[in-house]
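Peer 1: when you get a sec, could you give me coordinates for this:
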Amino acid sequence: MTKLNTYEAALTLYGELFSALRNRGERYFLGSIKRELIFLFFALIWNKDNPSKTPSAKIGVRFPPRNFNEWKFGSRYIGFNEINPELWDLDQKYFNDDIVPKRTGKKSAVLSYGFDLKRAFQLQDLMKEINIGTVVDWKGNLKRDEGFAVIKKPWPSLKFWIGNTITVFKIYRFLKKKTAPGPSLFDFLGYLSYQTFVSARIRTILKTISKDKSIGSVVFSDVDNILGNSFSLWSRLFGFSQIIYPHGSPFDFNKHRFFKPDQYYIWTKFQENDARSKNPGVKTIPLVPERFKKNPQLDNKIREKIKNVIIATTMEENLEVPFGDKDKIVEYIREICDFLKGKGVSVYIKSHALLDWHEEYDKLAKEYDFLEHVKERWGLDKQKDMDLAIMLNPRTTLTMQLLYLGIPTIISLETTPEIAQKHFSVPNFPLSVKTKKELISLLDRFLSDKDFYRKAREEALATFKSTAII
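Peer 2: Numbers count the residues shown, from 1 in each chain. Predicted coordinates for the structure are as follows:
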């Protein structure tokens with residue numbers, strides 16, 4: 001099976017599991033861990049046909065395992081017969097049809113303060129838009145005299161946590177019927193222990209907020225993981241209307257979202273178009289991140305020679321890590337470095353801090369004395385020193401940040417997985433290349449043609465201005 005086939009087989013298996021669970025609470029919990037389960041199913045199905053491509057790697061606990069196609073399951077795999085697309089959106093139909101009471105309160109509760117809110121906008125900006133009644137403080141930085149109620153992250157209700165744990169055992173029994181011989185109970189419980197706890201904690205938080213009749217809506221990040229999906233599902237169950245803002249992607253919203261929010265905060269035309277395509281007539285509210293509020297200006301001091309090149313692996317949302325081709329990406333980077341060797345250029349691999357092939361990038365950095373691997377987050381102050389960017393997948397905020405600085409970005413279509421192209425939104429900006437040969441040719445022109453480089457910088461800034469809502 002190809003990786004696209006494997007992913008769609010995992011979606012089908014999840015649909016079968018959803019059908020097997022009948023309890024309402026169980027289905028809502030299952031929806032909150034959908035991403036984690038699909039990644040696990042993908043790994044087990046893929047392992048059957050590709051045992052030689054699964055070197056040893058330890059199972060993850062605190063975060064989802066980072067390199068699923070590097071798990072070593074031995075003979076553990078999921079036997080699979082037929083892919084059924086009708087099962088892919090079975091959960092979405094159920095949640096949309098589920099009748100829940102609608103709340104009428106005029107105030108809003110912010111669910112994700114201290115999680116990723118500051119990367120989107122400041123709480124003070126949000127307070128100008130809505131009447132905030134409660135804020136869930138995940139970092140413990142807020143005082144209790146801010147003019148709204150503050151909830152420090154509580155322990156989950158024992159009832160909700162035990163209920164989730166029972167559901168996990170039911171999932172394991174279901175999986176045992178599909179696997180040969182299947183993951184051990186210890187591994188399975190270890191994998192889902194964090195998700196079981198977090199889902200119960202967020203359900204507890206929403207139940208606490210629901211006791212305040214003045215709260216009618218909730219604000220949270222549209223991230224596709226246990227946090228974002230738990231915010232979405234449990235707030236739906238308690239009847240709150242939903243106001244969402246983008247977690248990272250400047251291009252679209254959560255593709256696994258189960259139902260339509262009532263309002264979107266947006267800062268790019270891509271987001272606006274995506275929101276309206278999913279929900280015609282929905283209210284979209286421009287709210288620009290702080291780092292983009294200053295009107296972008298092209299630096300007049302254009303360097304005579306390109307000195308710093310960034311290769312952005314952009315492993316956002318743990319998408320390419322399990323589904324992409326590691327060997328292809330590593331070889332891609334190596335060929336770029338071979339071409340740039342001896343040309344007086346410094347190269348930086350900018351990887352995702354959590355979800356990427358860090359070990360391989362570290363090895364590459366040891367092979368080339370002009371190559372550096374950067375894992376930590378880079379702000380605009382670091383990015384402004386770059387002269388050119390090669391994006392192995394454009395679906396990341398980093399793309400917009402580089403365009404904002406007038407840094408030309410070359411989009412590599414060859415390293416974008418089939419799964420991303422079929423199941424996720426992958427925009428195609430100018431200066432895209434289909435092959436390594438085209439990329440090397442374009443790099444050669446950038447190094448030798450100053451006028452071409454200057455024009456590319458102007459076009460990069462123009463692309464940002466035509467895309468961002470400022």
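
Peer 1: was I right about residue 266 contacting residue 283?
Peer 2: No. Using Cβ atoms under 8 Å, residue 266 is not in contact with residue 283; the gap is 10.3 Å. Yep, even glycine has a C-beta here, placed from its N, CA and C like the rest.

Peer 1: those two: which is more packed in?
Peer 2: Between residue 266 and residue 283, counting by other Cβ atoms under 10 Å, residue 266 is the more crowded of the two (24 against 12).

Peer 1: quick one, phi psi at the more buried one?
Peer 2: Main-chain torsions, residue 266, degrees, to the nearest 10: phi -130, psi 160.

Peer 1: ok, it - contacts?
Peer 2: With contacts defined as Cβ atoms under 8 Å, 6 or more residues apart in numbering, residue 266 is in contact with 246, 272, 275, 284-287, 469.

Peer 1: cool, and residue 123?
Peer 2: 110, 113, 117, 135.

Peer 1: okay, now the sheet partners of the helix or strand hosting the first one, with direction.
Peer 2: It stands for residue 110. Assigned by DSSP states H and E, residue 110 belongs to strand 107-113. Partners of strand 107-113 in the sheet, by DSSP bridges, are strand 132-137 (parallel), strand 215-221 (parallel).

Peer 1: let me have those strands in TSV, extended by mean neighbour count.
Peer 2: Below are those laid out as TSV (neighbours: other Cβ atoms under 10 Å):
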stretch	mean neighbour count
strand 132-137	22
strand 215-221	24
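
Peer 1: so for residue 124, which of those sits nearest?
Peer 2: For those, the distance to residue 124 is smallest for strand 132-137, at 10.5 Å, taking Cβ to Cβ.

Peer 1: check the offset of the closest one from the chain's centre.
Peer 2: Chain-centre distance of strand 132-137: 24 Å, with Cα atoms, centre = their mean, to the nearest Å.

Peer 1: show residues contacting that strand.
Peer 2: 105, 107-114, 123, 126, 142, 146-153, 205, 209, 212, 214-215.

Peer 1: likewise for stretch 431-442?
Peer 2: Counting by Cβ under 8 Å, 6+ apart, 332, 335-336, 339, 390, 408-414, 456 sit against stretch 431-442.

Peer 1: so where is the stretch 1-150 of the chain shaky, pLDDT-wise?
Peer 2: 49-77, 118-121, 144-145 (pLDDT under 70).

Peer 1: rewinding a little: tell me which two of the contacts of residue 123 sit farthest apart.
Peer 2: Between any two of the contacts of residue 123 (Cβ to Cβ), the greatest distance is 9.4 Å, for 117 and 135.

Peer 1: who touches both of these two?
Peer 2: 110, 123.

Peer 1: residue ranges of the strands in this protein, please?
Peer 2: Counting by DSSP state E, the chain has strands at residues 107-113, 132-137, 149-152, 215-221, 241-245, 263-266, 283-286, 308-312, 346-350, 371-374, 388-391, 409-412, 432-433.

Peer 1: strand partners of the last one, parallel vs antiparallel please.
Peer 2: Translated: strand 432-433. strand 409-412 (parallel).

Peer 1: residues in contact with residue 94?
Peer 2: Contacts of residue 94 (Cβ under 8 Å, 6+ apart): 18, 27.

Peer 1: give me the angle between the strand holding residue 110 and strand 241-245.
Peer 2: 40 degrees (axes from the mean of the first three to the mean of the last three Cα atoms, to 10 degrees).

Peer 1: CA-only coordinates of strand 107-113 in PDB, if you can.
Peer 2: Below are the C-alpha coordinates for strand 107-113, written out as PDB (Å, rounded to 0.1, in the frame of the first residue of the first chain):
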ATOM      1  CA  LYS A 107     -20.300  36.900  27.500                       C
ATOM      2  CA  SER A 108     -17.500  34.700  26.200                       C
ATOM      3  CA  ALA A 109     -15.000  32.400  27.900                       C
ATOM      4  CA  VAL A 110     -11.500  32.200  26.500                       C
ATOM      5  CA  LEU A 111     -10.300  28.600  26.700                       C
ATOM      6  CA  SER A 112      -6.700  28.800  25.400                       C
ATOM      7  CA  TYR A 113      -5.000  31.600  27.200                       C
END
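
Peer 1: hmm, who's touching it?
Peer 2: 117, 123, 126, 130-139, 142, 202, 205, 209, 212, 214-221, 227, 231, 235, 240, 243.

Peer 1: ok, residue 186 to residue 125 distance?
Peer 2: Using Cβ to Cβ, to the nearest Å, one gets 46 Å for the distance from residue 186 to residue 125.

Peer 1: of those two, who's got more company?
Peer 2: Between residue 186 and residue 125, residue 125 has the larger neighbour count (other Cβ under 10 Å), namely 16 against 9.

Peer 1: for the more buried one, which non-adjacent residue is closest in space?
Peer 2: Spatial nearest neighbour of residue 125, excluding adjacent residues (Cβ to Cβ, 6 or more residues apart in numbering): residue 287 at 6.2 Å.

Peer 1: for residue 265, same thing?
Peer 2: Using Cβ to Cβ, 6+ apart, the closest residue to residue 265 is residue 245 (4.0 Å).

Peer 1: that neighbour pairs with what?
Peer 2: Beta-bridge partners, per DSSP bridges, of residue 245: residue 221.

Peer 1: and it, how many neighbours does it have?
Peer 2: 27.

Peer 1: what's near enough to touch it?
Peer 2: Contacts of residue 245 by Cβ under 8 Å, 6+ apart are 117, 120-121, 219-222, 264-265, 287.

Peer 1: quick check: longest helix of the chain.
Peer 2: helix 185-210 (DSSP state H).

Peer 1: identify the residue nearest residue 405 in space, chain neighbours excluded?
Peer 2: That would be residue 384: by Cβ to Cβ, 6+ apart, it lies 5.3 Å from residue 405.

Peer 1: ok, now residue 469?
Peer 2: residue 286 is the one closest to residue 469 (Cβ to Cβ, 6+ apart), at 4.7 Å.

Peer 1: and the pLDDT at residue 282?
Peer 2: Residue 282 carries a pLDDT value of 84.

Peer 1: over to it: give its phi and psi.
Peer 2: The phi/psi pair for residue 282 (degrees, to the nearest 10) is phi -70, psi 150.

Peer 1: residues touching residue 343, list them.
Peer 2: residue 447.

Peer 1: noted, bye for now.
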